[in-house]
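Engineer: Could you work out the structure for the sequence below:
(2 chains)
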Amino acid sequence: MTREEYANILIPNVEHTREYYEEKYQKRNLSEGAMVLRIGPSPTGSVHIGTLYQAIVAEGFARQSNGISFLRIEDTDQKREVEDGVNLILKSLENYDIHFNESPLLGGEYGPYIQSERKDIYQAFVKDLIIKDLAYPSFLTEEEKADITAAQTKSKGRIGYFGPWAAKERAMMMEEVLEKVKLGIPYVIRLKSNGDFENKIVVEDAIKGHVEFPENDMDIVILKRDGLPTYHFAHAVDDTLMHTTHVTRGDEWLSSVPVHIDLFKTLGFAPPIYAHLATIQKESDGRRRKISKRKDPEANVLYYSEKGIPKEAVKIYLMTLANSNFEEWMIANPNENIENFKLDFSHMSTSGALFDMEKLLNISRNYLSKISAEEMYQKTLNWALKYNPEFYETLKKNKEISIQTLNIERESTKPRKDFAMYSEVEAGLWYMYQEKFEPTEYEWQKITDKEEIKTILNTYMNEFFCETDTEEEWFSNVKSCCDKLGYASNMKEYKQNPEKFKGNVADVSTVIRVALTSKSRTPNLYDIIRILGKEEILRRIKKI
RNA sequence: GGCCCGUUGGUGAAGUGGUUGAACACACAUGCCUUUCACGCAUGCAUUCAUGGGUUCAAAUCCCGUACGGGUCACCA
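Structural biologist: Have a look, this model is predicted:
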């Protein structure tokens, strides 16, 4: 029996050969320096913040080098796959305006872009390795594996399937193997590693720099019982056939690099450039760890949608984590599109950053303060449609007043920074709506005496209020009102002799403010008065 | 346990042997401005770069040890 016939029995029904696929996926025709990067999420649910981070990085490098970025769904673990997982990923990334050149939806010359649809490709390469005696079937049961690990732990040796531990199965005769196959004993295919643990290999990681490892000598599984490849094998085959130039991925993969180098060598491939990104971390109970979807709500990108944290802010924040010089660049180029920032591996952190919600919200506040009131309204409306239907209706009904209110002190060089999330907008707008103004309490400050409040409001409305006043006129009228009632209209004078006055202009303004809005903190009172209009003001004052 | 990576204020960090008395941003504190709030402005916040040694005229930067943190050692990615 030839090795080819042998391989055919071990991996039956493989349509094409390795040569066929190598011929099919020709080198990409790209300009000098063009980078090809990929992002390979598993369809295990909604997108992780780390996946978004990697997507931004991969897409950015590709775009800036006139290269290619593509999305490849890594669904070789069918147990973990969730319903509609592929769609969830596609939608979330689209929502963040990350545009790949190739993906399962867009297609492309190097597809399929879903690993489970590439089964034949992997098997063709595995078959080739078996023919060349570089891979072999392994019938090891769970118990046998556990026994090996136990023995290795006991003798304080290295853990894994290598050297003496693998010798027996490595040396198994074809006949013996075929007999087991005939009996229906399940098996996987393992790599027959030629590595030597005593040898050192050196890898130049684009981020971590010079890293030295012992050579891999583990006979790792390359094809699982279900006929699908392991991550390691799929990585070597796919990134070669898809002509990836730079593999960006989380640094939890760093210690797998020797395995991957071994695989590339055995397959006769040239390895790509690796760039291991530090993972985003989270601190809990005084310990740092990788941010996790299971434990940390903010690890899930859906969280930001729900809270109404703008996607633009999330992207900016992730950019500050990606490149330490990004923030400075952004301050120096306030009107530039962030996509024009040139990413650079040398400015990427080698150690994982703690996720900083405060910082994100600050970025968000700045971002939202700079967009137009119209845009702010529209974005809030979009958010509310999905997450706050009641507020959506109110917003829709009160479009003009909402935009006017959102515009208070906005179109200046130093706009207000009231909102970090769309979900906060309601708290800043409700008191402006006629039908919603049913305050449960008034936040009176220094002046709380009912009679005094009444006096102030009546005097102001009857003698000093004029609907057509400019802001200067308006405020000077407020001051006149103060003079009449024994309050200081000039703050400096008041500070010099506070005992000479009942209070000051701030106290009087506050009474008017609280009477009209129920709140002690609001944007500019003059603008609020203009927006509400005389009729509504009178109604609100009468209410008190 | 083996292997690997990391360690500069509360946080992200700049820093590549000598204008660093350690930038910048967030947070925090105080003050100023001010009709509230927000904005803005000013000041403060690491006598020191995990730690011990070494090299050097000179070290956060180079070398070695130690400690601590993280990752990995699956038919998961």
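Engineer: what's the pLDDT at the closest residue to RNA strand B within the stretch 151-300 of chain A?
Structural biologist: Closest residue of the stretch 151-300 of chain A to RNA strand B, CB to the nearest atom of the strand: A:Arg225 (3.1 Å). Placement of C-beta: from N, CA and C, glycine included. What the model reports as pLDDT for A:Arg225 is 95.
Engineer: Confirm for me that it is in contact with A:Tyr187.
Structural biologist: Yes. Judged on CB atoms under 8 Å, A:Arg225 makes contact with A:Tyr187 at a distance of 7.2 Å.
Engineer: More neighbours: the two, which one.
Structural biologist: Using other CB atoms under 10 Å as the criterion, A:Arg225 and A:Tyr187 rank with A:Tyr187 on top: 17 against 10.
Engineer: How about the contacts made by the more buried one?
Structural biologist: Contact partners of A:Tyr187, counting by CB atoms under 8 Å, 6 or more residues apart in numbering, are A:Leu10, A:Pro137, A:Ser138, A:Phe139, A:Lys180, A:Val181, A:Arg225.
Engineer: now do 7 Å
Structural biologist: Going by CB atoms under 7 Å, 6 or more residues apart in numbering, A:Tyr187 touches A:Pro137, A:Ser138, A:Phe139.
Engineer: Can you tell me the element the residue of the stretch 151-300 of chain A closest to RNA strand B falls in?
Structural biologist: Under the criterion DSSP states H and E, no helix or strand holds A:Arg225.
Engineer: who touches it in this structure?
Structural biologist: Counting by CB under 7 Å, 6+ apart, A:Arg225 touches A:Pro186, A:Val188.
Engineer: same deal with A:Asp483?
Structural biologist: With contact taken as CB under 7 Å, 6+ apart, A:Asp483 is in contact with A:Ser489.
Engineer: for it, helix, strand, or coil?
Structural biologist: helix (DSSP: H, G, I helix; E, B strand; the rest coil).
Engineer: Report the residue spans of chain A with pLDDT below the cut-off.
Structural biologist: Within chain A, the set of residues satisfying pLDDT under 70 is empty.
Engineer: Can you tell me what sits against stretch A:254-263?
Structural biologist: Residues external to stretch A:254-263 that are found in contact with it (CB under 7 Å, 6+ apart): A:191, A:193, A:195, A:201, A:203, A:208, A:213-216, A:218, A:220, A:232-233, A:235-236, A:271, A:274, A:276.
Engineer: Phi and psi next, for the residue of the stretch 151-300 of chain A closest to RNA strand B.
Structural biologist: The phi/psi pair for A:Arg225 (degrees, to the nearest 10) reads phi -60, psi -30.
Engineer: Same check on the one 3 residues further on?
Structural biologist: As for A:Leu228, its main-chain torsions (degrees, to the nearest 10) stand at phi -100, psi 150.
Engineer: Distance-wise, check it relative to A:Asp75.
Structural biologist: A:Leu228 sits 9 Å away from A:Asp75, going by CB to CB, to the nearest Å.
Engineer: So what does A:Asn366 look like in phi/psi?
Structural biologist: phi -60, psi -40.
Engineer: and A:Ile114, how many neighbours?
Structural biologist: The burial count for A:Ile114: 16, using other CB under 10 Å.
Engineer: Hmm, I typed the wrong one, I wanted A:Ile316.
Structural biologist: A:Ile316 has 20 neighbours, counted by other CB under 10 Å.
Engineer: Show the contacting residues for it.
Structural biologist: Shown in contact with A:Ile316 (CB under 7 Å, 6+ apart): A:Ile338, A:Ile363, A:Tyr367.
Engineer: Which residues lie in contact with the residue lying closest to the last one once chain neighbours are set aside in this structure?
Structural biologist: Spelled out, that is A:Tyr367. In space, and not counting its chain neighbours, A:Tyr367 is closest to A:Ala313: 4.8 Å by CB to CB, 6 or more residues apart in numbering. Residues near A:Ala313 by CB under 7 Å, 6+ apart: A:Leu360, A:Ile363, A:Ser364, A:Tyr367.
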